[in-house]
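Chemist: the sequence isn't on hand, but the structure is:
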């Protein structure tokens, strides 16, 4: 199996994890937002990639096998989805040297690192856009974007160019232009050769050009056949997972199903509905299992076992907030991630019970004061990760429903039996195991 | 003597000299302005540094010993004084690889290359400025500029930050901020270590901080003791040429004197007055010589012999236009540059008699069709450069006035006698050479 089938991923929002090491030029002068202060839409807390490297022991102790980094390239936004330079790691993060350092330290411990690729649009500060903004029709960068008129109206409310969701901050790249295509493919290949272990792709379905993504795959796999390509597709992704495009998608459908089953009455459905998670229907065990079975059947098994299974991310409220503070349900939901096929993926801070609603609340500075941790969540993850490592069949074995009724589910993963009680009452049941285990 | 004492400099405006080789990413898609079309304020003709390298044989034939390149770093302007990234050569010029190539080719032929350093201000596309523009007071780049209020008003007519001559396109850097200072000094050192042979400094007197420039000199000379530092100081520059700051300045005062003496009735004084050349007074030989003697006396001799002596540049009308097409006067004015102490510096195209008034007319695409050249100007330069090479004392010997009356001047440069007739009539005169020559 490839390394990315079944690996425990930990998602890090670089500005908010840990601060260490020097910035790269041009260096910020501060002041930064205080680490513990409520995060803001525009503020910077100054986390760095040197900081991530310094906290590798923490991740190793948790059992993390791979890191998914939110964007790291130079950007004017704290989330760095507004790319300014695809060949430069943000100076605030420590620059290219910091990524080099992180990759070396992580690889030395067998931990992989994948990057976030934002190829549908750039920030306004990207060179080609600035060129157009300053020079208008006389700029030879005209075909980099979908420009509808000059001068560009980039700082008003209705941009005269195509932009992501009409947001003037995010002009949409014209990927059909050969120079643009060549640029993005060069970026894709460059960072894999630099040492990154794969790409998480931001809104790839907005680039409605499958041939671009096929070529993307060829270039990335050509640079490293073991590189992992995972697309941010929030819904079912049949088209993307046939083997010629992505290895996996961000498996929000699975996460929603878990929340629907485990969340019970605790789940804050209103909060979820106002995020990309959408309307989460309560699921009893049988409906939940049917949902899982559908997800495990609809894609090739190589894809199922490579899916990025997640409950929450930087784009959703935090788990404990969704579950209105019910630690036991958080533990159960997270544990399930480790017992199903695919890559259990944990957003930084969920393991210690950080809380927060919508952006920016869900992007707080990581809490390093253990006294403030919900230690039992972390302990549950640590144990599940260790279990999974000790029993690698949990990464590859098929899912077989054994029993599913009300809030109770039992399933087999090869030789292992998993029994889940999603209620808050004890559960006693004879299970029909005959024929399932040798 | 240092290589930069007496060297023949050729100034190149990179967008307009010659086009060759591939652009760097992000690559332009075109279209470019036609090479032969009248240049415009915002248009790009697509000259590259690969192109300069390809035309090195042309420069060698002319006798050029050093190249002064107008800015080459990534910029949204065709003149590239609006810097976007000080560590990247503009992709349109071919990127860092193209500068590397040019330096290798030039150095292989003993030709030096100096860069244009724009450290007083940046373009609006510079990372720190974009950061402030997008994030306002929450950006940790606040102290990179002199900000008077948020949000930044960068695209209106009255910027709320200090800018060069109030031009919102050119926000003034806050050099007193340690991080800004460190950045600029790092840039200065970086490109010298990269292989550049020196810096021409744009508007250095706008950075009113001599200690910055002292440290600049220490860093540059530390990286290469032979590096040349020449400041764009349009007037007398006593303060700058005492040995602790610059090796030289752009010697517009000398150029103005030559134009005043040689230009005669032909000189278009109105045209000159509307440029940085200002009001050029007609000078008879004696007044001209007094002006020269003052310039040669007021600075240490090491500075006098290192001065960048020029008649015209990208900031002035072209020579032949100033002289209303009088080729003989252009030849004489240029020849004088080669017969006086300092570095004769020729703006590209003057040697073939290109014409043009104010910006953008003075920045036309270099004419490569020999049929359109004023060949005799080029021939005069070629011969004067060869003469100077054959007689190196012309670089070091002092200037001694022998005879100066009306339009006639005779002076000695060590063992050599130079006689100048700036009138359009023949000149017969017994010269009082006694005691001047052994």
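Modeler: Yes, it's here. This one's a predicted model, so the numbers in the text were calculated from it and none came from an experiment.

Chemist: can you list the buried residues in stretch A:288-304?
Modeler: Within stretch A:288-304, the residues that count as buried by 16 or more other C-beta atoms under 10 Å in any protein chain shown are A:288-289, A:291-292, A:295-296, A:299, A:303-304. Heads up, the C-betas are built off the backbone N, CA and C, glycines and all.

Chemist: what does stretch A:96-115 give?
Modeler: Neighbour-count burial for stretch A:96-115 flags A:96, A:98-99, A:101-103, A:105-106, A:111-115 (criterion: 16+ other C-beta under 10 Å).

Chemist: neighbouring contacts of stretch A:143-150?
Modeler: A:128-129, A:132, A:136-137, A:160-162, A:171-174, A:177, A:179-180, B:26, B:29 (C-beta atoms under 8 Å, 6 or more residues apart in numbering or on different chains).

Chemist: starting at the chain centroid, how far to it?
Modeler: 31 Å (C-alpha atoms, centre = their mean, to the nearest Å).

Chemist: any idea how far apart the tips of that stretch sit?
Modeler: Taking C-alpha to C-alpha, to the nearest Å, the first and last residues of stretch A:143-150 lie 13 Å apart.

Chemist: repeat that for stretch A:426-433.
Modeler: Stretch A:426-433 has its terminal residues 20 Å apart, counting by C-alpha to C-alpha.

Chemist: how far away from the center of its chain is that stretch?
Modeler: 36 Å.

Chemist: average pLDDT for that stretch?
Modeler: On average, the pLDDT along stretch A:426-433 is 91.

Chemist: so what touches that stretch?
Modeler: With C-beta under 8 Å, 6+ apart as the test, stretch A:426-433 has contacts from A:402-403, A:407-408, A:410, A:417, A:419, A:421.

Chemist: could you list the buried residues of it?
Modeler: Buried residues in stretch A:426-433 (16+ other C-beta under 10 Å): none.

Chemist: equivalent analysis for stretch A:186-195, please.
Modeler: Within stretch A:186-195, the residues that count as buried by 16+ other C-beta under 10 Å are A:186-189, A:191-192.

Chemist: and the buried residues of stretch A:96-115, which is closest to chain B?
Modeler: Checking these against chain B with C-beta to the nearest C-beta, the nearest one is residue A:96 at 10.9 Å.

Chemist: A helix includes the closest one, no?
Modeler: Yes: counting by DSSP: H, G, I helix; E, B strand; the rest coil, residue A:96 is found in a helix.

Chemist: would you check that it makes contact with residue A:89?
Modeler: Yes: in this structure, residue A:96 is within contact of residue A:89 by C-beta atoms under 8 Å, at 4.9 Å.

Chemist: residues shared between the contacts of the two?
Modeler: Overlap between the contact sets of residue A:96 and residue A:89, as judged by C-beta under 8 Å, 6+ apart, is given by residue A:24.

Chemist: so residue A:41: helix, strand or coil?
Modeler: With three-state DSSP as the basis, residue A:41 sits in coil.

Chemist: per-residue confidence at it?
Modeler: pLDDT for residue A:41: 97.

Chemist: how many other residues sit next to residue A:281?
Modeler: 13 (other C-beta atoms under 10 Å in any protein chain shown).

Chemist: with residue A:438 instead?
Modeler: Residue A:438: 4 surrounding residues under other C-beta under 10 Å.

Chemist: how much space between the residue of chain A most remote from its centre and residue B:43?
Modeler: In chain A, counting by C-alpha atoms, centre = their mean, residue A:138 sits farthest out from the average C-alpha position, at 39.8 Å. Residue A:138 is 5 Å from residue B:43, where distance means C-beta to C-beta, to the nearest Å.

Chemist: just residue A:35 next, same as before
Modeler: For residue A:35, the distance to residue B:43 - C-beta to C-beta - is 49 Å.

Chemist: which of the two has more neighbours?
Modeler: Using other C-beta under 10 Å, the more surrounded residue of residue A:35 and residue B:43 is residue B:43, with 20 against 17.

Chemist: now that one. Nearest residue, chain neighbours left out?
Modeler: Distances taken as C-beta to C-beta, 6 or more residues apart in numbering or on different chains place residue B:33 nearest to residue B:43, at 3.7 Å, with adjacent residues excluded.

Chemist: ok, which stretches of the stretch 151-300 of chain A are helices?
Modeler: Along the stretch 151-300 of chain A, counting by DSSP state H, counting those that start in this stretch, helices occupy A:178-194, A:210-223, A:252-262, A:269-273, A:285-298.

Chemist: which neighbouring elements make contact with the first one?
Modeler: Based on contacts counted as 3 or more C-beta pairs under 8 Å, 6 or more residues apart in numbering or on different chains; DSSP states H and E, the elements that helix A:178-194 packs against are strand A:83-89, helix A:95-108, strand A:112-117, strand A:198-201, helix A:210-223.

Chemist: re the thing from before, spatially, which two of the buried residues of stretch A:288-304 are the most separated?
Modeler: Spatial extent of the buried residues of stretch A:288-304 (C-beta to C-beta) is set by the pair A:288 and A:303 at 20.7 Å.

Chemist: still on that earlier bit, closest to residue B:383 among the contacts of stretch A:426-433?
Modeler: Using C-beta to C-beta, residue A:417 comes nearest to residue B:383 of the contacts of stretch A:426-433, at 97.1 Å.

Chemist: quick check: that closest one vs residue A:438, distance?
Modeler: To residue A:438, residue A:417 is 12 Å away according to C-beta to C-beta.

Chemist: same check on residue A:287?
Modeler: As for residue A:287, its distance to residue A:438 is 30 Å (criterion: C-beta to C-beta).

Chemist: before we move on, what about residue A:158?
Modeler: Taken as C-beta to C-beta, the span from residue A:158 to residue A:438 is 66 Å.

Chemist: which stretches of chain A form strands?
Modeler: A:9-12, A:66-69, A:73-75, A:83-89, A:112-117, A:198-201, A:228-231, A:248-251, A:308-310, A:343-347, A:399-405, A:408-413, A:416-421 (DSSP state E).

Chemist: what pairs with the last one, parallel or antiparallel?
Modeler: Read that as strand A:416-421. strand A:408-413 (antiparallel) (DSSP bridges).

Chemist: so the strand it pairs with versus strand A:399-405, what angle?
Modeler: Per axes from the mean of the first three to the mean of the last three C-alpha atoms, to 10 degrees, the angle that strand A:408-413 makes with strand A:399-405 is 170 degrees.

Chemist: name the nearest residue to the residue in the stretch 301-438 of chain A that chain B sits nearest to, ignoring sequence neighbours.
Modeler: Per C-beta to the nearest C-beta, residue A:360 is where the stretch 301-438 of chain A lies closest to chain B, at 11.2 Å. The shortest distance from residue A:360 to any non-neighbouring residue, by C-beta to C-beta, 6+ apart, is to residue A:39 (4.3 Å).

Chemist: can you tell me how far that neighbour is from residue A:232?
Modeler: Distance, residue A:39 to residue A:232, using C-beta to C-beta: 22 Å.

Chemist: quick check: residues of the stretch 51-200 of chain A near chain B?
Modeler: Within the stretch 51-200 of chain A, the residues that sit near chain B (C-beta under 8 Å from any C-beta of the partner chain) are A:74, A:76-77, A:82, A:84-85, A:87, A:91-92, A:123-128, A:130-131, A:133-136, A:138-144, A:155, A:169, A:177-180, A:182-183, A:186.

Chemist: what do you get if the cut-off is 7 Å, keeping everything else the same?
Modeler: Residues of the stretch 51-200 of chain A found near chain B (C-beta under 7 Å from any C-beta of the partner chain) are A:74, A:76-77, A:84, A:125, A:127-128, A:130-131, A:134-136, A:138, A:140-144, A:155, A:177, A:179, A:183, A:186.

Chemist: can you flag the buried ones in these?
Modeler: Among those, the ones that count as buried by 16+ other C-beta under 10 Å are A:74, A:76-77, A:84, A:125, A:127-128, A:130-131, A:134-135, A:138, A:140-144, A:155, A:177, A:179, A:183, A:186.
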